[in-house]
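In: Return a 3D structure for these sequence lines:
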Amino acid sequence: MKKRTLVAVALAVIFTLALAAPVFAQDMTHSVDYDLDGTISLKKHVGHLCNTGAEMKQTIVGAGSMTKSTDAYMMAGYLTVDDDNDWIASATSTLAVITAIELCAPAKYVDEDGNVVFPYHGLEDTDEALTLQIWAAHVKADPGYSGNMHTDFAAAYGPMQEGGHINSDNDDEVDDDKFAFDDALGKVVVGKDYVGNYFNMDAWFRTSMGATQRFVSLSSPWSHAYLTEDITVVGSSEIKEALELMNLPEGQEATTDWWDLF
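Out: Below is the predicted model of the structure:
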C-alpha cells in the first residue's frame, strides 16, 4: 500500500473515532487567590443570569489589607461560587465588600386583583412579581477595623419543554435536559439531564466596627415560599445564614459538581 494511501486510511480512522467519542458538557472553572495591601478597587461578575441559572456581582472598594479567594464553576443553567474575603481597613480609610446574587428562577406573581398567577402558564403585562429574586450583603469596616464576608452557593435553572406539557399515556417523553407537566400523571416530570431549579447557600459576614447591610427578596411559585429582609446595622455585627430554595430537583444523570468524581 502506498504511503499516501496509508495516510488517508489513518486520517479516516481518526475522524471515525472522533465521531464516536462522547460529547462532554461545555463548562468553565475559575479559581483565584488574592493577597492585597493598599488602595483596592475590584469589580467582579460571575455567570450570566438565565444562561447559568444566576449571576453574582461584586464590588470591593477602599484601602487596607485583604486576602480573598474565589472558586467558581459554571455551565448552561448552573452556577456555583465559593467566595471568601477577610480584610482590615487602613488607619485612614474604610474598606467595603458588596456581593449581590440574582436568580433567573421567576418569583411568585399576582394579577391586578391580587390573585396568584403561575408564571410558567403565561403572564399578562399587569401581573406583578412579589420579589426581586435577589440576595445581597454589604460589609464596610471603619478605619483600622476588620471585616469578613464568606458566601458559598449553588444555583440552577433549567428550561421548560416547548409547549410545557406531555402526555405519557400517548408515549410522549420530556426532553433530556428540560421539565414539563405530564397531563397523564398529573405532575411535573424532569429529563434525566435536567440541571434543576434551586438556590442553596451558606453565608457568614461580620465587622468589628462599621456598617452592615443585608437585602433578601426571594419567593417561589412552586412552594409559595416568600422571604424578604432589609437590615442596616451601624456598629459591630455578625450574621450567619443557611438557605435552601428547592423548586425542581436535578435529573438522575445531571452533571454533578466538578469535584464530585466518585
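In: quick one, what contacts His30?
Out: Shown in contact with His30 (CB atoms under 8 Å, 6 or more residues apart in numbering): Val46, Thr70, Asp71, Ala72, Tyr73. No exception for glycine: its C-beta is placed from N, CA and C like everyone else's.
In: would CSV of the residues you listed with pLDDT and secondary structure be doable?
Out: Formatted as CSV, those follow (pLDDT from 0 to 100; DSSP: H, G, I helix; E, B strand; the rest coil):
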residue, pLDDT, secondary structure
Val46, 97, strand
Thr70, 97, strand
Asp71, 96, strand
Ala72, 96, strand
Tyr73, 95, strand
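In: Any idea how many residues pack against Lys57?
Out: 15 (other CB atoms under 10 Å).
In: Next up, identify which helix or strand it is on.
Out: strand 54-75 (DSSP states H and E).
In: Show me what the mean pLDDT comes to for the very next helix or strand once past that strand.
Out: The first helix or strand that comes after strand 54-75 along the chain, using DSSP H and E, is strand 78-89. If you average the pLDDT over strand 78-89, you get 97.
In: Now do the buried residues in the helix or strand following strand 78-89.
Out: Later in the chain than strand 78-89, the nearest helix or strand by DSSP H and E is strand 95-103. For strand 95-103, a neighbour-count test (16 or more other CB atoms under 10 Å) marks Leu95, Ala96, Val97, Ile98, Thr99, Ile101, Glu102, Leu103 as buried.
In: Give me the sheet partners of strand 95-103 and which way each runs.
Out: Sheet partners assigned to strand 95-103 using DSSP bridges are listed as strand 54-75 (antiparallel), strand 134-141 (antiparallel).
In: Go through those and pick out the most buried.
Out: Of all those, strand 134-141 has the most neighbours on average by mean count of other CB atoms under 10 Å, namely a mean of 22.
In: Just the CA atoms of that one, as PDB, please.
Out: Output in PDB follows, covering the C-alpha atoms of strand 134-141 (Å, rounded to 0.1, in the frame of the first residue of the first chain):
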ATOM      1  CA  ILE A 134     -32.000  38.900  44.900                       C
ATOM      2  CA  TRP A 135     -29.800  38.100  47.800                       C
ATOM      3  CA  ALA A 136     -27.200  40.800  48.700                       C
ATOM      4  CA  ALA A 137     -24.900  41.800  51.500                       C
ATOM      5  CA  HIS A 138     -22.700  44.900  52.100                       C
ATOM      6  CA  VAL A 139     -20.000  45.000  54.800                       C
ATOM      7  CA  LYS A 140     -17.900  48.100  55.400                       C
ATOM      8  CA  ALA A 141     -15.100  48.200  58.000                       C
END
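In: now what about it, what contacts it?
Out: For strand 134-141, using CB under 8 Å, 6+ apart, the contacting residues are 62, 64, 87-89, 94-103, 147-149, 151, 199, 201, 203, 205-218, 239, 243.
In: of those residues, buried ones?
Out: Taking 16+ other CB under 10 Å as the criterion, what is buried in the contacts of strand 134-141 is 62, 64, 87-89, 94-99, 101-103, 147-149, 151, 199, 201, 203, 205-218.
In: what's Cys50 sitting at in phi/psi?
Out: Main-chain dihedrals, Cys50, degrees, to the nearest 10: phi -70, psi -20.
In: Check whether it really touches Pro106, as I assumed.
Out: No - using CB atoms under 8 Å, Cys50 is not in contact with Pro106; the gap is 10.1 Å.
In: The two: which has the busier surroundings?
Out: Pro106 (20 against 15).
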